[in-house]
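> I'll drop the sequence and a predicted model, then ask my questions.
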Amino acid sequence: MKLANSWQDYKVLATGDGEKLEKWGKYNLLRPDPQVIWHAKNKLSEYKNLDGHYLRSSSGGGSWQFFNKVPEQWTIGWRDLQFIIKPMGFKHTGIFPEQAVNWDELSKLIKEANRPIKVLNLFAYTGGASVVCSKAGASVTHIDASKGMVERAKENAKLNNLDNIRFIVDDCAKFINREIKRGNFYDGIIMDPPSYGRGTNGEMWKLEDNLFDFVKLTKQVLSDKPLFVLISSYTTGLQASVLANILTLVFGEGNIDADEIGLPTQEKIVLPCGTRGIKIWK
């Protein structure tokens, strides 16, 4: 397992009973986590410095309950970058901290390439990977179907004084098909597809049914001198070897790394946070 242990402004304080207690800068938030099927040593909702708790509704969804004065949003740092944290609906905060495992590797690859690198970030959310790749010197195209998430990504780019990211609100597959027709190519491709989704015209996305064909589609916009293709997934039960197999079958054998990713906790255990697979060309 690869651990995202490079954070200073973020920590997992405790876990148990389907929840995780996290420190985001100065604020301590308690959120659900489907991977946490063990019991907590102490009742996490009674943590004395708890600032906010996301409570699920019996009818679906949920909402935040705040116990102290918590700003609508604040920033935390990673390396020499800053990211906006904003508690949102469906328990999200705007950053997936376990992705720092990938950020370190992508930054290193781009910096050591010693050539201009074009990166395509698909299902790009609030732009953590886009900001990291841009900071490392790449020209980045950021694609997400949610206008709100793209606006948040723009804020993260502005916060870090980055202006070499192209932001587009679009369905990822439709965008790639247009790029194929336009003859546009990328040296690096990043994707973090959802388990389930619905397109702008009602198209259904299910990771197990659609991922392989989608990865095959992205191959058509990969340059003739590629650097990397990265797939991340938080889908419960999807093993890393599945991602390794997809990368091998689509892009060929050699230099493929696939593993679980996770976050260290102050309990001295690891919180699993999904899988990732990366194909690297040297």
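Good, I have the coordinates.
> Give me the number of neighbouring residues for residue 134.
By the criterion of other CB atoms under 10 Å, residue 134 has 23 neighbours. In short, each C-beta sits where N, CA and C put it, glycine included.
> List the contacts of the nearest residue to residue 93 once chain neighbours are set aside.
Excluding its sequence neighbours, the residue lying closest to residue 93 (CB to CB, 6 or more residues apart in numbering) is residue 85, at 5.3 Å. Residues near residue 85 by CB atoms under 8 Å, 6 or more residues apart in numbering: 24-25, 27, 73-76, 93-95.
> what bits of the stretch 51-200 of the chain have low per-residue confidence?
Applying pLDDT under 70 to the stretch 51-200 of the chain flags residues 199-200.
> Kindly recompute the last result at 90.
56-61, 89-90, 194-200 (pLDDT under 90).
> thinking again about what came up before, dihedrals phi and psi, the residue nearest to residue 93?
Residue 85 has phi and psi values of phi -110, psi 130 when expressed as degrees, to the nearest 10.
> for the longest strand seen in the chain, which positions count as buried?
When the chain is parsed with DSSP state E, its longest strand is strand 270-280. Buried residues in strand 270-280, counted by 16 or more other CB atoms under 10 Å: 270-280.
> same question, stretch 65-85
By neighbour count with 16+ other CB under 10 Å, stretch 65-85 contains the buried residues 70, 76, 78, 81, 83-85.
> Please enumerate the strands of the stretch 101-250 of the chain.
118-122, 139-144, 165-169, 188-191, 196-198, 204-206, 228-233 (DSSP state E, counting those that start in this stretch).
> now those strands in CSV, with distance to residue 2 and mean neighbour count?
Output for the strands of the stretch 101-250 of the chain, formatted as CSV (distance: least, CB to CB, whole Å; neighbours: other CB atoms under 10 Å):
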stretch, distance to residue 2, mean neighbour count
strand 118-122, 20, 25
strand 139-144, 23, 24
strand 165-169, 26, 16
strand 188-191, 16, 24
strand 196-198, 26, 13
strand 204-206, 26, 14
strand 228-233, 11, 24
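> Using CSV, lay out the ones you listed together with distance to residue 20.
Formatted as CSV, the strands of the stretch 101-250 of the chain follow (distance: least, CB to CB, whole Å):
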stretch, distance to residue 20
strand 118-122, 26
strand 139-144, 25
strand 165-169, 30
strand 188-191, 25
strand 196-198, 22
strand 204-206, 26
strand 228-233, 19
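> And these: which comes nearest residue 14?
Judged by CB to CB, the one of those that comes nearest to residue 14 is strand 228-233, at 25.1 Å.
> Kindly calculate the angle that the closest one makes with strand 270-280.
Interaxial angle of strand 228-233 relative to strand 270-280 (axes from the mean of the first three to the mean of the last three CA atoms, to 10 degrees): 150 degrees.
> and the residue lying closest to residue 73 once chain neighbours are set aside, how many neighbours does it have?
Spatial nearest neighbour of residue 73, excluding adjacent residues (CB to CB, 6+ apart): residue 86 at 3.8 Å. Residue 86: 16 surrounding residues under other CB under 10 Å.
> Kindly report the same for residue 248.
The local packing of residue 248 (other CB under 10 Å) involves 15 other residues.
> per-residue confidence for it?
We note a pLDDT of 98 for residue 248 in this prediction.
> nearest residue to it other than its sequence neighbours?
Leaving aside its sequence neighbours, residue 248 sits nearest to residue 256 (CB to CB, 6+ apart; 6.0 Å).
> is the one you found in a bridge, and if so with what?
residue 279 (DSSP bridges).
> same check, this time on residue 30
Assessed by DSSP bridges, residue 30 has beta-bridge partners residue 21, residue 53.
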